[in-house]
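Asks: Any chance you could fold what I've pasted below:
(3 chains)
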Amino acid sequence: MTYKVSVTGYATPNAAAAQAAFAQAFKITPEKAAELLTTLPRTIKVGLDADTAERYCQALAKMGLNAEHSHHDAPAAKAAPSASATVTSAAVPAAKPAAAAPEAAPPPQPRAAAEQPGFQFRIDGAPDFAFLTVQLPANHSIKVEAAAMATMDTSIRMKTKLSGGLGRLVTGESIFVNEFSADTVAGEIGIAPGAPGDLAHVYLKGGEVLFLQNGAFVACDPDVTLETKWQGFTKGFFSGESFFLIRASGTGDLWFNTYGGMIEKEVDGEYVVDTGNIVAFTEGLDYKLEKFGGYKSLFFSGEGFVCRFRGKGRVWVQTRTSGALLAWAEQYRRVGKEA
Amino acid sequence: MKIEFTHQPGNTAATLQLAQGERCTTESGAMIAMSGGLDIETTTHKRGKGGLLKAAKRLLGGESFFLNHFSARQGAGEVVLGTALAGDMMAYRVDGDALMVQAGSFVACEEGVEIDTSWQGFKNLLSGESLFWLKLSGRGQVVLSAFGAIYPIEVDGEHIVDTGHIVAFQESLDFSLTKAGKSWLHSMLGGEGLVCKFKGRGTVWCQSHNPGSFGLSLRPTLKRRK
Amino acid sequence: MQAQIRGSDAFSYLAVTLEPGESVIAESDAMSSMAADLDLQARMNGGLIAGLLRKYLAGESLFVSVFKNNTPAARSMTLVQPTPGGIRALDLHNDTFYLQPGAYLASTEGIKLGLGFAGFVSWIAGEGLFRTVVSGSGTVWYGAYGALLDKQVDGEYIVDSSHLVAYEPGIKLKLQLAGGLFSSFFGGEGLVTRVTGRGRIVVQTRSLTGLTGWINPKLR
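Replies: The predicted model follows:
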């Protein structure tokens, strides 16, 4: 369990003095401090242990800033032991919290899976433009969503396969998945999904099943089976646009992407998510489509249907929906046929 | 009500923690997720304040006709909110003053905040900003969104902000349309065209990116409309 | 002059403080906010012919804006590119760097902006017939849609045509099919760029065509 520290407000009427003290303690410019402390609450440190977090809060209080610390599960920290280690191992004096400057957004730490079975990989550009680089050993291959390859070594070969069956054709997704293989020598491949957002990685152990929103698939081990699942008409409004889900099973790495930021939510009981914001969920969860609020809310709230998850499992939620982007993009489309 | 922002500044989500008995109002369509036990009500107005006329005016201000109200009657709960486009969010506490907010940037507010629409004059027709702005007053916290990162500018005198980059400004500031630099010709040739000049003392919050410019760069490869 | 890149990879923007007498050159329409008493002068970049070539062949604008501080105190301004994404600063000391069309954002006075023939390979790959050549001494700021990644190339490397942002002069571009004929057509990759030589390339982690490729099937 790790903690994060957030500045929640000013404890002194003299905001400028508090900002100056903050700037000095974190070794940043007063302008930067003012910028950071304009939008409150602002998370300034993550991945701390309880004691360190408490010391941060005390130090911030002396500067005239209200602060609090709270539990924070950083999915990134789990995958990158080196990143969290640098924070916790740094001796933190009570008065001067740390030498490292807080960032409005912490510098993206390339994530790497060291202890995981499966392929060596790293994720750069997270969380907003996450980019996946996978190291393929010789005689290994990987399945990648069509048109997602951005860079690769010249030793890697590409083959195109039909995938997903009729479902993907109906939903407008590409029915082709490319298989990239390192035939004789090892090589790397860089993968960029079309949607701007984050990437999630799951290693499926045999018997585990994950459901993905249609279109969230990025790449997987060839031993992972992807099937298109008809949800039926009652659950079919699921992703706001699709009657189909991708069912991923088998053994190996699976990567999928979000549009916008990614929230991993452990559900134990009930949780309600807007249909357009669901990215993926584990098999143990039962879900039911229901209307949002009363009938008036259903038609006028702008939310339409929501998904109520029940049981124990994990849901991946995205902080933006494609529907809103599409509505915005409409005004920029040219009209008529190509001249 | 406690506000927490995550995924800043690229794709910010705001988590509003409601204690039992608390209530908040959000823009329709902003809800991403919430705890199971919250009550939801959809109205055209804030409870007991205004009605259809205000809702119609809000429509002119680029917001939707309807507002959602979340209340934690049975126990504490959380609402997670997002916005239509990528970008950051900010919180501001209205305390007897008034904040002018660009069309589409309102996300949520506490119960004590008044939402009204304010006419900002025909200058907006030329600048491409909306003709109506939201005016937030009363007392309580508000959450606003932007396309891009948000940075404040403390104006004391005059400062120029390009059209398409204004998120909100304090009512103590006045703005007019003008040119960048001394010469109209150079402002036009330099691609800046019309810009907004803020005068007085107060804060203006800017968004780092202009959604219109981004839209135009997508235009060549977007599917044509029939 | 002080210049800071802020807003993270997602929405980088450039915050510049100009001391009295200093100036900065920026791509047309890059200014998002500035002190009201900074002077703006539109300048044709390198004369009419070079400016026209730059506009029609390299996808840049005919004019660049010169912002100058003629006041007695420091003044601030912000510059930004039209799309979300990362911005990088590059210091040049009498050397040369190639930018793909649209990547240029701003530069200091000592930087020369030129136009170089990128070869038909670049053109067929949809990257434009010409590239922006920046040379001289000073700082140049460039950016693109997506986060920016550095890759040191020694030998050969394949980059999807829409993901290349900038490269050092030691790099040459060649065009090839992504896979076999069938794969290249149906796999959505089409033509890719094979970069050869020794030097640094800068890659963008998203592309505008990738984004519209994701949006378009959902549009009616």
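
Asks: Backbone dihedrals for residue 206, both of them.
Replies: As the question left the chain open, I've gone with chain A. With angles defined as degrees, to the nearest 10, A:Gly206 shows backbone torsions of phi -50, psi 130.

Asks: meant chain B actually
Replies: B:Cys206 adopts backbone torsions of phi -110, psi 150, taken as degrees, to the nearest 10.

Asks: Which residue is the nearest non-sequential neighbour of it?
Replies: Distance criterion CB to CB, 6 or more residues apart in numbering or on different chains; nearest residue to B:Cys206, sequence neighbours excluded, is B:His165 at 4.9 Å. C-beta here means a position set from N, CA and C on the backbone, and glycine is covered the same way.

Asks: Please work out how many residues are found near that neighbour.
Replies: For B:His165, the tally of surrounding residues (other CB atoms under 10 Å in any protein chain shown) stands at 29.

Asks: mind checking how far it is from chain A?
Replies: Remark: distance between B:His165 and chain A (CB to the nearest CB, to the nearest Å) = 16 Å.

Asks: confidence score at that residue?
Replies: Confidence at B:His165, expressed as pLDDT, is 92.

Asks: Please apply the same query to A:Thr154.
Replies: pLDDT recorded at A:Thr154 is 86.

Asks: these two touch, right, A:Leu226 and A:Ile246?
Replies: Yes. Under the criterion of CB atoms under 8 Å, A:Leu226 is in contact with A:Ile246, at a separation of 5.6 Å.

Asks: of the two, who's got more company?
Replies: Under the criterion of other CB under 10 Å, the comparison of A:Leu226 against A:Ile246 puts A:Ile246 first, with 24 against 19.

Asks: where does that one fall, helix, sheet strand or coil?
Replies: For A:Ile246, the secondary-structure state derived from DSSP: H, G, I helix; E, B strand; the rest coil is strand.

Asks: what's around the closest residue to it other than its chain neighbours, how many residues?
Replies: In space, not counting the residues next to it along the chain, A:Ile246 is nearest to A:Leu212; the distance is 4.2 Å by CB to CB, 6+ apart. For A:Leu212, the tally of surrounding residues (other CB under 10 Å) stands at 25.

Asks: Please apply the same query to A:Lys312.
Replies: The burial count assigned to A:Lys312 is 12, neighbours taken as other CB under 10 Å.

Asks: That one touches A:Gly284, doesn't it?
Replies: Yes. Between A:Lys312 and A:Gly284 there is a contact at 5.7 Å, judged by CB under 8 Å.

Asks: Tell me which residue is most central in chain B.
Replies: Nearest to the mean C-alpha position of chain B, counting by CA atoms, centre = their mean, stands B:Ser105 at 2.1 Å.

Asks: quick one, phi psi at the closest residue to that residue other than its chain neighbours?
Replies: Of all residues not flanking B:Ser105 in the chain, B:Leu144 sits nearest, at 4.8 Å (CB to CB, 6+ apart). With angles defined as degrees, to the nearest 10, B:Leu144 sits at phi -120, psi 160.

Asks: now the helices: where do they sit in the chain?
Replies: The chain I'm using is chain A. Using DSSP state H, the helices found in chain A span residues A:15-25, A:30-36, A:50-62, A:75-79, A:81-89, A:166-170, A:295-300, A:322-329.

Asks: look at chain B instead
Replies: Using DSSP H, the helices of chain B run over B:52-60, B:123-127, B:184-189, B:211-218.

Asks: ok, back up a step: going by mean pLDDT, which of the helices of chain A comes out lowest?
Replies: Of all these, mean pLDDT reaches its minimum on helix A:81-89 (a mean of 29).

Asks: ok, the residue nearest to A:Ile246 touching A:Val279?
Replies: Yes. The pair A:Leu212 and A:Val279 passes the contact test of CB under 8 Å, sitting 7.2 Å apart.

Asks: list residues touching both of those two?
Replies: By the contact definition CB atoms under 8 Å, 6 or more residues apart in numbering or on different chains, A:Leu212 and A:Val279 are jointly contacted by A:Phe256.

Asks: what's the neighbour count on the residue nearest to B:Glu41 when sequence neighbours are not counted?
Replies: The shortest distance from B:Glu41 to any residue that is not its chain neighbour, by CB to CB, 6+ apart, is 4.6 Å, and that residue is B:His69. Neighbour count for B:His69, taken as other CB under 10 Å: 19.

Asks: which residues touch B:His69?
Replies: For B:His69, the set of contacting residues under the criterion of CB under 8 Å, 6+ apart consists of B:Arg23, B:Cys24, B:Thr25, B:Thr26, B:Ile40, B:Glu41, B:Thr42, B:Thr43, B:Arg47.
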